[in-house]
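1. Fold the stuff below for me.
(4 chains)
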2 protein chains.
Amino acid sequence: MSLRYALLALVRVGPQSGYDLQKQFAVSVGHVWHAPDSQIYPELRKMEAEGLIRGEEQTRGERGTRRMYHVTPAGHRAFLEWIASPPEYQRVRDPAHLRAAYLEAATPDQARAFLRAHIAQWEGELEQWEGELRRIDAVDNPMLLRRLAVTADEDRERTIAYKRFAYEGLVERARGEIAWARRGLALVDRLEGTPG
Amino acid sequence: MSLRYALLALVRVGPQSGYDLQKQFAVSVGHVWHAPDSQIYPELRKMEAEGLIRGEEQTRGERGTRRMYHVTPAGHRAFLEWIASPPEYQRVRDPAHLRAAYLEAATPDQARAFLRAHIAQWEGELEQWEGELRRIDAVDNPMLLRRLAVTADEDRERTIAYKRFAYEGLVERARGEIAWARRGLALVDRLEGTPG
DNA sequence: AAGTACATGTAAGCAGTTACATGATTGG
DNA sequence: CCAATCATGTAACTGCTTACATGTACTT
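-> Predicted coordinates for the structure are as follows:
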């Protein structure tokens, strides 16, 4: 249910095609909220039908077209209402910790493989998020630049600070997961004897 | 997709009715993997159809019945295969951090309300998980006791240690989220001026 | 001429949510 | 007798996944 607000956040900085948005998802918001194109294009159509955005067909070359979307006043309002609304939390559903709770049923090697996969997973996420943090600090992120271009000078600091804040939280979470899994590896060694 | 394995983990300690399992979800595994009864009962039927568990209808009072499920050899194998299989990770989709990245669009009070809600949410989870940790340490959790009753002595330490490990990870995550949101509150004060 | 990037979807299916529905048994 | 708990679901809907489908335009 956050997909449309992630899309609104992107369209708010200026007109974009579905393809543009899909690409942005792969590099910026997508680091916080993943969405495949098979979800983005239909959602844009729905948002247009609900009046949050308006699309205008543009020609491209001889026969090609693309649909450029821009946010409507209703869309702008919807975004601000979302920002102001009480956050919704999903019920906890954590496959990694569920499995960790039953590692006694695994062989030592299986336990280690699981923990190493957990570390690899979160190191991958960590890399993405740290990269994003560096791009924020270097004011180098294309989306952030477009955002700042339509932002009053006195709001620039806030805009950057909150982006930083969000990604710092993700980075810390990743570091926490990695530290936990490393402690798990030490635990396996202690309980089952070191390998080799 | 982990629901059936959470259910298998519970049924593995001994025969249970759908109602029993649903209650266990509310107090033990449910702290890691939530599932409503409207999902549990149909899933049990599916698992029975696939031969992972077998249910036997019992009479209860004059006209009442209940269906007691026990794990089959195939179910036992499926559980061990799950434990040994490479973990699946969902693509990142984090509504709280998504919203945090756009807090510059909120008023200071809205930003604070969001961060306080985040703290309240994770303090609630933290309380559950710390309670579970205390019950593990006191060897006081009814499910853990049933588990240990069917566990060889030399595996008791491992069984307890991995449960502890799992819940420690959750506790740390909750603490991390709370610390992050508190830093967010300080950031709002710095950027927007302290209230009052 | 071929490959990459641009551009936009549909269709089937699964997991989970929310709301509703019903009845039996047990304990006070 | 009444309330709590035992007991088991169905139905409609939403969000997301996976796989498939198709064609244009630009660059080398």
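2. Tell me the spacing between the closest residue to residue A:40 other than its chain neighbours and chain B.
-> Take residue A:40 and drop its neighbours on the chain: the residue closest to it by Cβ to Cβ, 6 or more residues apart in numbering or on different chains is residue A:22, 5.1 Å away. Quick note: C-beta positions are derived from backbone N, CA and C, even for glycine. Going from residue A:22 to chain B by Cβ to the nearest Cβ, to the nearest Å gives 14 Å.
3. Report the contact partners of residue A:22.
-> A:37, A:40-41 (Cβ atoms under 8 Å, 6 or more residues apart in numbering or on different chains).
4. can you do 10 Å?
-> Neighbour list for residue A:22: A:7, A:16, A:30, A:35-41, A:44 [criterion: Cβ atoms under 10 Å, 6 or more residues apart in numbering or on different chains].
5. So what's the gap between the helix or strand where it lies and the chain middle?
-> Secondary structure assignment for residue A:22, by DSSP states H and E: helix A:18-27. Relative to its chain's centre, helix A:18-27 lies at 12 Å (Cα atoms, centre = their mean, to the nearest Å).
6. So for it, what gets flagged as buried?
-> By neighbour count on 16 or more other Cβ atoms under 10 Å in any protein chain shown, the buried set for helix A:18-27 is A:18, A:20-22, A:24-25.
7. what's the answer for stretch A:179-192, then?
-> A:180-181, A:184-185, A:187-188, A:191.
8. ok, so of these, who is nearest DNA strand D?
-> Lowest distance from DNA strand D to these (Cβ to the nearest atom of the strand) belongs to residue A:181, with 22.4 Å.
9. And chain B, is the helix or strand hosting the closest one touching that?
-> Using DSSP H and E, residue A:181 maps to helix A:153-192. Yes. Counting by Cβ under 10 Å from any Cβ of the partner chain, contacts between helix A:153-192 and chain B involve A:155-170, A:172-173, A:175-177, A:179-181, A:183-184, A:187-188, A:190-192.
10. now that helix and helix B:153-192, what's the angle there?
-> 170 degrees (axes from the mean of the first three to the mean of the last three Cα atoms, to 10 degrees).
11. Show me how far helix A:153-192 is from its chain's centre.
-> Computed by Cα atoms, centre = their mean, the chain-centroid distance of helix A:153-192 equals 14 Å.
12. Not counting sequence-adjacent ones, nearest residue to the residue most central in space within chain A?
-> Closest residue to the average C-alpha location of chain A: residue A:32 at 1.4 Å, with Cα atoms, centre = their mean. Leaving aside its sequence neighbours, residue A:32 sits nearest to residue B:98 (Cβ to Cβ, 6+ apart; 4.7 Å).
13. Off-centre distance for the helix-or-strand element of chain A with minimal mean pLDDT?
-> Lowest mean confidence among the helices and strands of chain A (mean pLDDT, DSSP states H and E): helix A:142-149, at a mean of 86. The chain centroid and the centroid of helix A:142-149 are separated by 17 Å under Cα atoms, centre = their mean.
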